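Chemist: pasted the sequence and its predicted model underneath.
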Amino acid sequence: MRVGLFVTCLADLMRPSIGLAAVKLLERAGCEVVFPESQTCCGQPAYNAGDRQSAQQLARKVISEFADVDYVVVPSGSCGGMIKTHYEDLMSGLPEHRVKAQWLAARTYELTDFLANVIDMNSFDTAFQGTITYHDSCAGLRELNIKDQPRKLLAYLPHVDLKEMAGAEQCCGFGGTFSVKYGDISSRIVDVKCDDVEATQVDALVLGDLGCMMNIEGKLRRRGNHKTKVLHIAEVLTGLVGDETE
Amino acid sequence: MELTSHQFKSVSSAKLKDVKLQKALYQAKDGFVVSRAKVVAELDNFEEIRQAAADVRDHCLAHLDLYLEEWEKQAQAAGTIVHWAESYEELNALVVKIAQDNKVKKIIKSKSMVGEETGLNQYVEGHGIEVKETDLGEYIIQQADEHPSHIIAPATHKSKDDVADLFAEKHQRPRLDDAEKLTHEAREILRPHFLDADMGITGANFMIAETGSTVIVTNEGNGRMTTTMPRVHVAISSIEKCLPTLDDFALIMRLLPRSATGQVISNYVSMTTGPKRTGDKDGPGAFHVIILDVGRTRVLGSELREALRCIRCGACMNHCPVYQNVGGHAYGWVYPGPIGSVLTPAYNGIENAIDLPNAATLCNQCGVVCPVKIPLPDLMRKLRERQYEKNLKSSTEKWSLRFWAYLALRPKLYSVVTRVMARAGKVLGGDSRRIKRMLFAGQDWTRHRDLPAPRGRTFRDIYINKNKTANR
């Protein structure tokens, strides 16, 4: 099974361990991992800013880069949601590209969805242990129905204890450019999220999206919390975290 | 109502620092969200009902001309006098004319958001006619000389203490500190007005085409007194609030109270079909309905059409992380929250409410709770596209995103630039691995939070290098 990895621009630049962990998981599942080297960004920032033309160009680039793989796996609900639920809209009026967008959408999976529902993976090689709580990112949850998948995977880890927080489904306030354009509102929303995380007193907050991750981790640290780890689920499932990738 | 949406940024910042408001918002939030979730969970086919309701609204909007004409025909047959208003001034002037023709001195009013749009109270009072709001929340707002901050709970931004202070001052009575007693006092003050008012003004949640009725959905009973006690009743509504049949109304009513207040059914559902008939024990001698357009027809023919499905439950704002923290006044017009972020620019011109469609995380919590499935984030995104086309976006945002897209379309250049960024970011992060201060657009990030620093190398470089080593 040829599986294309769309690593996402944020993981590529900010936290490569997520990409490496995704590769490790896919290889363990027996997939042949394909990484088109020309990949960059899915186009979501432009799409959400109203720059449809740039978004369309980037979407066409992604569509052609992943034309010859069986599946495309994305370690992000947000970028996965962009490809799976918005590319078609972006190609409205361009029938030929629209069909290609639909075909790509049908083959594209968010990482935990792929592992839980396509592979049905049930054993993991990870040294990670501790108590965790899970933040449901908005796009993953409300565009792709990612809710049970990460929990199902985490339940296979014998030394990981999941403790749900209040408001796990509440937005963290990132919202892409919203986080800088309306910084003080965004900051208040993420403060509420940090309160919810801290109330659980877990060792780590686990999630599946880089945007939320940078926002919540950045806020926790600014608040003086240097203790609660913030980890991508791929990092937890493999034990590969930032430091080991350098 | 005066539009102040262009001040969203400064007003919302101030609202975040308003301790009293924050407390009131925090208390209101759980009430709405938790009680809605509870009654929605009691239905095993809520999603099917939502879809059916969305379909009914779409059908009605697609044939709005036919249903409005049918409604008018039936209403006139029942003795209702029907007026159409294309502008706010026209609606306000019609109300005053009806009042003057009937020698009205005092009007009692139950809630109407259309009336808020047109600035009806101020206009009518300017013509020497007294207007009393009788919905408790609206009464509080009128006493405080403010605007509603929420479409179904107009005074939700006020605490019990605020109301106690306000009533003590306005009623010139000893200050009370119990909500029930405060309500009782308002009731006592309002009772004589119900008895001696000459005219009642209500909104209309819906107009039912097959019967020619108007409907109001209320909880306090003031609405029913307003429709039945004075000699003249005027209902004001807008064209999109039409429903084809009573069955359709019954369907919508399974959703409206549940989505709005977490009630299975509201305390009152009042239908008015014509004035008092011979043999009726009560009711007004004359019943007028004024139906407003102002922007609706334009929206009907636009890509924002789905927004007209709205049944005004307020669930989108109750569940919105932005509204929950800044409250309704920050939005600067009649309708706050996500639906307001679409309707305000749609009705008033997109150049007059630039911030609203952008001041959203697009989390889609509004979209999933909307009882008529309005795709609110998609509509906000469409407004952003129109802003972009009309060059209404900030140049910083526009050029930084264009630069990003330029890079992202040139993979070789992109890999070099991100390589440099990853290295520079690691240096900036230092031992703490956190960037605490950035310049330019980045300062808006680091003003509020740190940025976890990049790790020094991009995934691309690590992975490609690893594969090369492995293949050697």
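Modeler: Here it is on my side, so go on.

Chemist: every contact and neighbour count from this point should use C-alpha atoms.
Modeler: Fine.

Chemist: which residues does the residue nearest to B:Leu304 when sequence neighbours are not counted contact?
Modeler: In this structure, B:Leu304 finds its nearest non-sequential neighbour in B:Leu379, 6.1 Å apart by CA to CA, 6 or more residues apart in numbering or on different chains. B:Leu379 is in contact with B:303-304, B:307, B:342, counting by CA atoms under 8 Å, 6 or more residues apart in numbering or on different chains.

Chemist: any chance of a markdown table for the residues you listed, columns secondary structure and pLDDT?
Modeler: Listed next are the contacts of B:Leu379 as a markdown table, based on DSSP: H, G, I helix; E, B strand; the rest coil; pLDDT from 0 to 100:
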| residue | secondary structure | pLDDT |
| --- | --- | --- |
| B:Glu303 | coil | 97 |
| B:Leu304 | coil | 98 |
| B:Ala307 | helix | 98 |
| B:Val342 | helix | 98 |
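
Chemist: related to what we said a few turns ago, check which helix or strand the residue nearest to B:Leu304 maps to.
Modeler: Taking DSSP states H and E as the definition, B:Leu379 sits inside helix B:376-389.

Chemist: residue ranges of the helices in chain A, please?
Modeler: Assigned by DSSP state H, chain A shows helices spanning A:9-14, A:16-28, A:44-49, A:52-65, A:77-81, A:87-90, A:95-107, A:111-113, A:138-144, A:148-154, A:178-181, A:183-200, A:210-222, A:233-238.

Chemist: could I get the average pLDDT for the last one?
Modeler: Looking back up the chat, that one is helix A:233-238. Looking at helix A:233-238 alone, the average pLDDT works out to 98.

Chemist: give me the distance from that helix to the chain's centre.
Modeler: In terms of CA atoms, centre = their mean, to the nearest Å, the gap separating the centre of helix A:233-238 from the centre of its chain is 12 Å.

Chemist: residue ranges of the strands in chain B, please?
Modeler: Along chain B, counting by DSSP state E, strands occupy B:81-85, B:106-109, B:130-133, B:199-202, B:206-208, B:213-218, B:232-238, B:242-243, B:268-272, B:286-292, B:434-435, B:451-452.

Chemist: neighbouring strands - and their directions - for the first one?
Modeler: Paired with strand B:81-85 in the same sheet, following DSSP bridges, are strand B:286-292 (parallel).

Chemist: let me see the domain layout of chain A.
Modeler: Domain segmentation of chain A under automatic domain parsing yields A:2-118, A:123-245.

Chemist: per-residue confidence at the nearest residue to A:Asp191 once chain neighbours are set aside?
Modeler: Nearest non-adjacent residue to A:Asp191, counting by CA to CA, 6+ apart: A:Lys219, 7.2 Å away. At A:Lys219, the pLDDT value in this model is 98.

Chemist: ok, A:Lys219 touching B:Asp450?
Modeler: Yes - A:Lys219 is within contact range of B:Asp450, at 6.3 Å (criterion: CA atoms under 8 Å).

Chemist: could you chop chain B up by domain?
Modeler: Split by automatic domain parsing, chain B gives B:1-42+B:304-393, B:69-294, B:395-471.

Chemist: do the last one and chain A meet at all?
Modeler: Yes - taking CA under 8 Å from any CA of the partner chain as the criterion, domain B:395-471 and chain A are in contact, through B:401-402, B:405, B:408-409, B:411-412, B:414, B:418-419, B:421-422, B:434, B:441-442, B:444-445, B:447-460, B:463.

Chemist: that domain - what's its average pLDDT?
Modeler: Rounded mean pLDDT across domain B:395-471 is 93.

Chemist: give me the distance from it to the chain's centre.
Modeler: That offset, for domain B:395-471, works out to 39 Å (CA atoms, centre = their mean).

Chemist: endpoint to endpoint, that domain covers what distance?
Modeler: End-to-end distance of domain B:395-471 (CA to CA, to the nearest Å): 47 Å.

Chemist: could you identify which of the domains of chain B is most buried?
Modeler: Each of the domains of chain B was scored by mean neighbour count; the highest is domain B:1-42+B:304-393, a mean of 21, by mean count of other CA atoms under 10 Å in any protein chain shown.

Chemist: okay, the domains of chain A in a markdown table with distance to B:Asp247 next?
Modeler: Below are these laid out as a markdown table (distance: least, CA to CA, whole Å):
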| stretch | distance to B:Asp247 |
| --- | --- |
| domain A:2-118 | 34 |
| domain A:123-245 | 31 |
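
Chemist: how about CSV for the ones you listed, with distance to B:Lys103 and mean neighbour count added?
Modeler: Output for those, formatted as CSV (distance: least, CA to CA, whole Å; neighbours: other CA atoms under 10 Å in any protein chain shown):
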stretch, distance to B:Lys103, mean neighbour count
domain A:2-118, 54, 21
domain A:123-245, 50, 20
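
Chemist: list the contacts for A:Gly218?
Modeler: Contacts for A:Gly218 were tallied using CA under 8 Å, 6+ apart; they are B:434, B:449-452.

Chemist: let's see 6 Å
Modeler: B:449-452 (CA atoms under 6 Å, 6 or more residues apart in numbering or on different chains).

Chemist: ok, for the most centrally placed residue in chain A, nearest residue in space, not its chain neighbours?
Modeler: For chain A, A:Ser76 is the residue whose C-alpha lies nearest the centre (CA atoms, centre = their mean; 1.7 Å). Nearest in space to A:Ser76, with sequence neighbours left out and distances taken as CA to CA, 6+ apart, is A:Asp209 at 4.7 Å.
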